[in-house]
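Novice: Dropping the sequence and predicted coords here.
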There are 2 protein chains.
Amino acid sequence: MMENHIPACSFVILGATGDLAARKLMPALFELHLMGALGPKTRIVGVSRQELSNEVFRERMEEALKEHSPKSFDEARWQELAPRLAFVQGNYDDPATYRALSGVLSRFDEEGAGGNRVFYLATPPSVFSAIVGGLQAAGLNGSKGWTRVVIEKPFGHDLKSAQRLNGLLNSAFDEEQVYRIDHYLGKETAQNIAVLRFANALFEPNWNSHYIDHVQITVAESMGIEDRASFYEEAGVLRDIIQNHVLQLATLVATEAPARYDARSVRDEKVKVLRAMRCARPEDTVKGQYAASGGMKGYLEEDGVHPRSRQGTYLAVEFSVENWRWAGVPFYVRSGKRLAKKASEIVLGFKTPPHVPFGQTVKPNALVLRLQPNEGISLRFNAKVPGGGLRIEQTSLDFTYDRGFSRANPDAYETLLLDVMRGDATLFMRADEIEAQWEMVAPLLDAWEEMTLLPYAAGSWGPKEADSFLAQAGRAWQLPG
Amino acid sequence: MMENHIPACSFVILGATGDLAARKLMPALFELHLMGALGPKTRIVGVSRQELSNEVFRERMEEALKEHSPKSFDEARWQELAPRLAFVQGNYDDPATYRALSGVLSRFDEEGAGGNRVFYLATPPSVFSAIVGGLQAAGLNGSKGWTRVVIEKPFGHDLKSAQRLNGLLNSAFDEEQVYRIDHYLGKETAQNIAVLRFANALFEPNWNSHYIDHVQITVAESMGIEDRASFYEEAGVLRDIIQNHVLQLATLVATEAPARYDARSVRDEKVKVLRAMRCARPEDTVKGQYAASGGMKGYLEEDGVHPRSRQGTYLAVEFSVENWRWAGVPFYVRSGKRLAKKASEIVLGFKTPPHVPFGQTVKPNALVLRLQPNEGISLRFNAKVPGGGLRIEQTSLDFTYDRGFSRANPDAYETLLLDVMRGDATLFMRADEIEAQWEMVAPLLDAWEEMTLLPYAAGSWGPKEADSFLAQAGRAWQLPG
């Protein structure tokens, strides 16, 4: 069992004046401070092209906390943390930036950070190369303590570019120093999948093709693309959600039991199962694009979107896992923007009982893992309806985190930043894992432009073809609850 | 699926002025009337030695409803039912009683009851023989419609007496006409055991010795023997609870899947598994008797109890089920009076996972079927505690009838009387089933007098020896929740 105690370090945010730093990183670091996980010698260093003094940077971060984490903000506790923040100004392609940073870090090392350093690349991918080169040239890729580098998706935009990015990272850092974040893996419900499967004797014997009919994964967003048109026009739903978040969830469901729950064993198993996954043919997918409805703009009307863009904002796809455990069990996954509600959930649909002695048909069991909202687990089962006669209806055994545990679910970034500082890479993606994901979706990427594009009304559950897609196989999407 | 509609009949209560009629039968019949299950031609006939007019009998039954079922009582609806009640006075050993009864029934037949008759023996067993003989002599063991006879436990007090009682019943009635009531089988949670097992694909594959470590059944009463000393001095906990209710519950848990859920198939399977059950040696049981505590009398101080009585008011016993499904899985059952709370529940304790990769020990899963209070199901499983690190704790997936279904659980008697009138004997015990139960407990009955008697404090969970009994095997009783 790991403890919350972590060694002192310098936590460097490159891109410190950006959106991610304000919305996620600073609030997570402040929460860790509140719970006593950050020691008094730990320092937070912001780096950005903007010209700011230490004082102004601290004021900016205070504003960010008040805006994005108002419930947690506490003036007195902030006054403890604020003096531990420092700022370094510079361009990412200027060696002087890294020399200045190096000087600040050396001072913090002497004051107690002990040479332990995190470099968090909260910048656009376009400057990754400059940063990695700059850190290496300044000798910041190693230290007398430990040095770790954290990067955010997108990890490339296809297999080749991902390989190049991994090559770049591995030219300066050992793979053990690299922490690739997919925040979905930091969600409690995602982490709990392994515990559910491997710390309980009841589920695992049924967790295979003998008992499971199919698996469904839904990652539905109610929002449109907001102000991210330039990113989204490049990425689409396949690169934005399916290739990473959805494949990660599928992997957690499908993986074999690791011998030990550590970074190597867990990621070995994930890579193994990713390599066993095969996409259905591109013609067996449903690609959609939201159209104006109920006062909401269509994708083509969004600012910055090409008026004849064929980018997909919805995708439903079937894939298989070609190994002994999963042979013959389809995995149906779907994701989209402007869907009826924001919901992420995994459904394991069980087979119908081989023989029902009650002279009536019954619905098959389903185990529903809800990532959001209302995080929890529901096991749909059949029970007798109270009263005379024997009438069977489906009901459920339910667990929700808020009823089951007194402690609130932390934000995924809190969990993940703590893991980085603690040196636990289990919830981060290894180079070979990223590449296996791109390899898995390569047939879809190749066909992406040519795939039929089906319009769906903003606020609906996507193109109706996605329903007939499952109905053909005698199955149906479960409405996220 | 069976409907609530039932044919008209004459429902005869022998012992109509007794406690059971007032507390259970009349309230159940009135509920059935309220829900429209009793047709307008159905008649209720009370028989008793007491001299009552029809009017006074109706008044008595109205009082009984107001006392025992105040929430359901409805004056207008009672005025519909009251005229359909009639009374016949007579001694059970007097042929005139049955001639009078026959006359009343013939009249009701002509008025629409169509020759359908239920004879409910709500009398002490001492008059069963006289009643069965009287009915037969008057030709009331058959009719132009259907005739059914319902009897309450005790069904004998050992194998021999049970065989004699079955012989008596079968001398006058076909076995198909005989309905032996154990009201535990009418409880929704008991009925739901078969549905849980055989209408869900998820549980049955784990429902055997490969996955289940042991089974626990607790039937705990908080009350003492009340005013039933003369009965209890004869019966004790072994005859009162273990031999019937507890064995029935064990049977529902242990039975193989019937091909059809009908009276013959279900009871064939129950008899089969009962015959596979073997009691532990009498020296491996814990027999107790409650002693005065917390202002509560001890058993020996109760009115009507012999001051040196060695009767057991508590019994914990282990038995095995010697078949492929259950070999090596101990069934631990316990029941007692004056225990800490009133609770009936079944616990299936699963084995611990073969390998836990998280570097910590975990509790085994348990499936808890609560018969009372708070009827429902809990599946205890291990989950990750929210927050940093990976700490595992046991929590549960929960189902309760009151949240799962809008309809309230009916009283067991409502269900069972409806089944009698509808001709469904699935929830009633067949002659061979009763005899198999007595055969199963015979070794304990033989040794009962000589078994060590351990005192326990009234209001406790029984003799502490019952805990060490399980602790020796590395197990523990689960506290009913």
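Specialist: Alright, I've got the coordinates. Numbering: from 1, shown residues only, chains lettered A, B, ... in the order given.
Novice: Kindly list the main-chain dihedrals of A:Tyr456?
Specialist: Reported as degrees, to the nearest 10, the phi and psi values for A:Tyr456 are phi -140, psi 150.
Novice: Same question for the one 10 residues further on.
Specialist: Torsion angles at A:Ala466 (phi, psi; degrees, to the nearest 10) stand at phi -70, psi -30.
Novice: and what of A:Gly114?
Specialist: For A:Gly114, the backbone dihedrals (degrees, to the nearest 10) come out as phi 60, psi 20.
Novice: okay, it: pLDDT?
Specialist: For A:Gly114, the pLDDT comes out at 93.
Novice: Repeat that for A:Ala280.
Specialist: 77.
Novice: Give me the distance between A:His306 and chain B.
Specialist: The gap separating A:His306 from chain B is 43 Å, by Cβ to the nearest Cβ, to the nearest Å. In short, each C-beta sits where N, CA and C put it, glycine included.
Novice: Any idea which helix or strand in chain A has the lowest mean pLDDT?
Specialist: When each helix and strand of chain A is scored by mean pLDDT, DSSP states H and E, helix A:401-404 comes last, with a mean of 86.
Novice: any idea how far that helix is from the chain center?
Specialist: 22 Å (Cα atoms, centre = their mean, to the nearest Å).
Novice: What lies in contact with that helix?
Specialist: A:Glu188, A:Thr189, A:Glu375, A:Gly376, A:Ala408, A:Asn409, B:Ala383, B:Pro386, B:Thr395, B:Ser396 (Cβ atoms under 8 Å, 6 or more residues apart in numbering or on different chains).
Novice: my guess is the fourth one meets A:Arg370, correct?
Specialist: In this case it means A:Gly376. Yes. Between A:Gly376 and A:Arg370 there is a contact under Cβ atoms under 8 Å: 5.3 Å.
Novice: tell me, what's touching those two both at once?
Specialist: A:Thr189.
Novice: Number of residues surrounding the closest residue to A:Leu196 other than its chain neighbours?
Specialist: In space, and not counting its chain neighbours, A:Leu196 is closest to A:Phe203: 6.2 Å by Cβ to Cβ, 6 or more residues apart in numbering or on different chains. Residues within reach of A:Phe203, counting by other Cβ atoms under 10 Å in any protein chain shown, total 20.
Novice: quick one: A:Phe203 from A:Val321, how far?
Specialist: Counting by Cβ to Cβ, to the nearest Å, the separation of A:Phe203 from A:Val321 is 18 Å.
Novice: Relative to A:Thr426, how far out is A:Ala194?
Specialist: Counting by Cβ to Cβ, the gap from A:Ala194 to A:Thr426 is 9 Å.
Novice: Give the residues shared as contacts by these two.
Specialist: With Cβ under 8 Å, 6+ apart, A:Ala194 and A:Thr426 have common neighbours A:Tyr261, A:Val266.
Novice: With neighbour numbers in mind, choose between the two.
Specialist: Taking other Cβ under 10 Å, A:Ala194 and A:Thr426 do not tie; A:Ala194 has more neighbours (21 against 18).
Novice: what sits against the more buried one?
Specialist: A:Leu252, A:Tyr261, A:Val266.
Novice: For A:Leu444, see how far away A:Glu283 is.
Specialist: 11 Å.
Novice: Can you pull the residues that touch both of those two?
Specialist: A:Met451.
Novice: Which residue of those two possesses the greater neighbour count?
Specialist: A:Leu444 (22 against 9).
Novice: Identify all contacting residues around the helix or strand where the more buried one lies.
Specialist: Using DSSP states H and E, A:Leu444 sits within helix A:431-447. Helix A:431-447 is contacted by residues A:155-156, A:158-159, A:162-163, A:166, A:169-170, A:175, A:178, A:180, A:238-239, A:242-244, A:247, A:267, A:270-271, A:274-275, A:277-279, A:281-282, A:285, A:317, A:319, A:451 when judged by Cβ under 8 Å, 6+ apart.
Novice: Pull out the buried members of those.
Specialist: Buried by 16 or more other Cβ atoms under 10 Å in any protein chain shown: A:155-156, A:159, A:162, A:166, A:169, A:178, A:180, A:238-239, A:242-244, A:247, A:267, A:270-271, A:274-275, A:277, A:279, A:282, A:285, A:317, A:319, A:451, out of these.
Novice: Now go through those residues and say which are in helices.
Specialist: A:Leu159, A:Ala162, A:Asn166, A:Leu169, A:Leu247, A:Arg267, A:Lys270, A:Val271, A:Leu274, A:Arg275 (DSSP state H).
Novice: mind checking how far the closest residue in space to the fourth one that isn't next to it in sequence is from chain B?
Specialist: Just to be clear, that refers to A:Leu169. Of all residues beyond its chain neighbours, the one nearest A:Leu169 is A:Val178 (5.2 Å), with distances taken as Cβ to Cβ, 6+ apart. Applying Cβ to the nearest Cβ, the value for A:Val178 to chain B is 21 Å.
Novice: Show me what A:Val178 is bridged to.
Specialist: With DSSP bridges as the criterion, A:Val178 is bridged to A:Val149.
Novice: that older thread, local confidence estimate at the residue nearest to A:Leu196?
Specialist: In this prediction, A:Phe203 carries a pLDDT score of 94.
Novice: repeat for A:Met2
Specialist: As predicted, A:Met2 sits at a pLDDT of 37.
Novice: likewise A:Tyr290?
Specialist: The model's pLDDT for A:Tyr290 equals 98.
Novice: Does it touch A:Trp461 like I think?
Specialist: No. Contact criterion Cβ under 8 Å: A:Tyr290 and A:Trp461 do not qualify, at 11.4 Å.
Novice: Neighbour count: these two, which is higher?
Specialist: Ranked by neighbour count (other Cβ under 10 Å), A:Tyr290 and A:Trp461 place A:Tyr290 first, with 28 against 20.
Novice: if I pick that one, what's in contact with it?
Specialist: Contacts of A:Tyr290 (Cβ under 8 Å, 6+ apart): A:224, A:296, A:298-299, A:313-314, A:336-338, A:455-458.
Novice: The same query, at a cut-off of 10 Å, please.
Specialist: Each residue near A:Tyr290 by Cβ atoms under 10 Å, 6 or more residues apart in numbering or on different chains is listed here: A:224-225, A:296-302, A:313-314, A:336-339, A:455-460, A:462-463.
Novice: Keep only those of those that are in strands.
Specialist: A:Tyr314, A:Gly336, A:Pro455, A:Tyr456, A:Ala457 (DSSP state E).
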